[in-house]
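Engineer: no sequence for this one, just the structure:
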């Protein structure tokens with residue numbers, strides 16, 4: 001088995017004039033894995049993708065694909081078409097005058113012959129569109145078009161598949177369905193993917209590892225569970241999922257802290273003194289107390305609620321005046337103005 005990573009990005013930096021876009025980015029993508037590059041719009045994600053694909057040449061650093069150096073110190077050594085990389089763009093970008101079959105075959109060097117037909121037929125079966133081989137893209141739904149775009153990218157058996165916000169144009173329900181289908185296809189075919197997204201839920205649900213890119217810097221690379229539970233910085237904690245941030249004080253024992261919700265246990269030791277306490281909304285539990293918000297036993301008062309069907313968010317104003325967001329089951333939404341007890345379950349994070 002070849003243990004050489006499908007992709008290695010080593011100390012890559014890039015600028016557009018005086019505007020720095022990437023700064024010292026290093027990342028390894030194991031073969032057969034899905035790596036999500038997660039970050040806000042304008043944070044450098046697409047520039048990184050373009051540098052890997054060969055559409056941009058970074059000013060510094062090295063890029064290796066399947067062990068071969070394709071970029072080194074501001075020089076592109078291998079053109080895009082010879083890198084063994086394919087791209088699934090934001091919108092399928094299918095050729096409108098070609099059939100579904102011919103769109104997929106377009107990714108092959110030899111588009112005719114029995115081998116090409118066998119490969120295309122196999123991929124049509126994989127994306128479950130075998131009966132639409134002769135159809136034109138205009139007759140397909142948005143989700144179908146993205147599946148065809150994926151099949152076209154997979155046709156030449158690339159060393160690496162790049163996905164650039166591939167479901168932005170789809171509505172929420174279709175996005176999740178097509179995303180699941182795309183992930184299943186990548187897994188089934190054993191492909192390696194670098195997936196650029198600004199959607200935290202998408203990154204956490206599809207990837208083997210998530211690389212958080214903020215302001216052009218790679219601030220943490222970890223598996224989804226570690227990233228969510230053990231973010232390296234407060235900025236990462238706030239970007240990856242919802243977070244309640246409270247000022248607090250770490251006890252001298254270094255494992256407990258006092259904040260507006262009371263005494264909490266820390267997930268990792270911290271230096272005694274002032275700190276920011278980061279709590280996930282699902283860690284906060286509320287229960288009815290009394291109807292009197294002036295009661296000394298009242299921890300907080302519900303000031304607003306938001307219903308999402310399967311669950312809801314409750315905003316609670318604590319005695320200190322600070323408002324915390326709490327995630328609860330949809331059937332447990334309290335009334336606005338209700339007095340509640342507030343309790344934090346499990347260890348929380350502290351950042352000096």
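Structural biologist: Everything's here; your move. These figures come from a predicted structure and were not determined experimentally.
Engineer: pLDDT weak spots in the stretch 201-350 of the chain?
Structural biologist: 289-298 (pLDDT under 70).
Engineer: What segments of it are helices?
Structural biologist: Secondary structure of the stretch 201-350 of the chain (DSSP state H, counting those that start in this stretch): helices located at 224-229, 234-239.
Engineer: Tell me the buried residues in the last one?
Structural biologist: So that's helix 234-239. By neighbour count on 16 or more other Cβ atoms under 10 Å, the buried set for helix 234-239 is 234, 236, 237, 239. The C-beta positions use only the backbone N, C-alpha and C, and glycine is treated the same way.
Engineer: that older thread, who wins for proximity to residue 56 among the helices of the stretch 201-350 of the chain?
Structural biologist: Among the helices of the stretch 201-350 of the chain, the nearest to residue 56 by Cβ to Cβ is helix 234-239 (24.5 Å).
Engineer: How is the chain partitioned into domains?
Structural biologist: 7-234, 243-352 (automatic domain parsing).
Engineer: one step back: export the helices of the stretch 201-350 of the chain as JSON lines, with columns for distance to residue 247.
Structural biologist: As requested, these are arranged in JSON lines below (distance: least, Cβ to Cβ, whole Å):
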{"stretch": "helix 224-229", "distance to residue 247": "22"}
{"stretch": "helix 234-239", "distance to residue 247": "12"}
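Engineer: between the ones you listed, which gets nearest to residue 95?
Structural biologist: Nearest of these (Cβ to Cβ): helix 224-229, 35.7 Å.
Engineer: residues contacting the closest residue to residue 347 other than its chain neighbours?
Structural biologist: Of all residues not flanking residue 347 in the chain, residue 267 sits nearest, at 3.8 Å (Cβ to Cβ, 6 or more residues apart in numbering). Contact partners of residue 267, counting by Cβ atoms under 8 Å, 6 or more residues apart in numbering, are 229, 230, 347, 348, 349.
Engineer: Same check on residue 309?
Structural biologist: The contact partners of residue 309, by Cβ under 8 Å, 6+ apart, come to residue 330.
Engineer: What segments of the stretch 201-350 of the chain are strands?
Structural biologist: Assigned strands in the stretch 201-350 of the chain, in chain order: 209-214, 217-222, 244-250, 256-259, 262-265, 273-279, 284-288, 300-307, 311-318, 323-329, 339-344, 349-351 (criterion: DSSP state E, counting those that start in this stretch).
Engineer: by contact count, what packs against the fifth one?
Structural biologist: On a contact count with 3 or more Cβ pairs under 8 Å, 6 or more residues apart in numbering; DSSP states H and E, strand 262-265 meets strand 256-259, strand 339-344.
Engineer: Give me the packing partners of the last one, helices and strands only.
Structural biologist: Taking 3+ Cβ pairs under 8 Å, 6+ apart as contact, the helices and strands that strand 339-344 lies on are strand 262-265, strand 284-288, strand 300-307, strand 311-318.
Engineer: Give me the contact list for the last one.
Structural biologist: Contacts of strand 311-318 with the rest of the structure, by Cβ under 8 Å, 6+ apart, involve 260-261, 281, 286, 299-306, 323-330, 332-334, 340, 342.
Engineer: Show me what that strand pairs with in its sheet, parallel or antiparallel.
Structural biologist: Using DSSP bridges, strand 311-318 pairs in its sheet with strand 300-307 (antiparallel), strand 323-329 (antiparallel).
Engineer: how distant is that strand from the center of its chain?
Structural biologist: The chain centre lies 26 Å from the centre of strand 311-318; the measure is Cα atoms, centre = their mean, to the nearest Å.
Engineer: For the residue nearest to residue 242 when sequence neighbours are not counted, which residues are in contact?
Structural biologist: Of all residues not flanking residue 242 in the chain, residue 281 sits nearest, at 5.1 Å (Cβ to Cβ, 6+ apart). Residue 281 makes contact with 242, 243, 244, 313, 324, 325, 326, 327, according to Cβ under 8 Å, 6+ apart.
Engineer: Among the helices and strands packed on strand 262-265, which comes closest to residue 156?
Structural biologist: Sorting the helices and strands packed on strand 262-265 by Cβ to Cβ, the top spot, which is the nearest, belongs to strand 339-344 at 52.1 Å.
Engineer: Looking at the strands paired with strand 311-318, spot the one closest to residue 77.
Structural biologist: Set against residue 77 and scored by Cβ to Cβ, the strands paired with strand 311-318 come closest in strand 323-329, at 49.6 Å.
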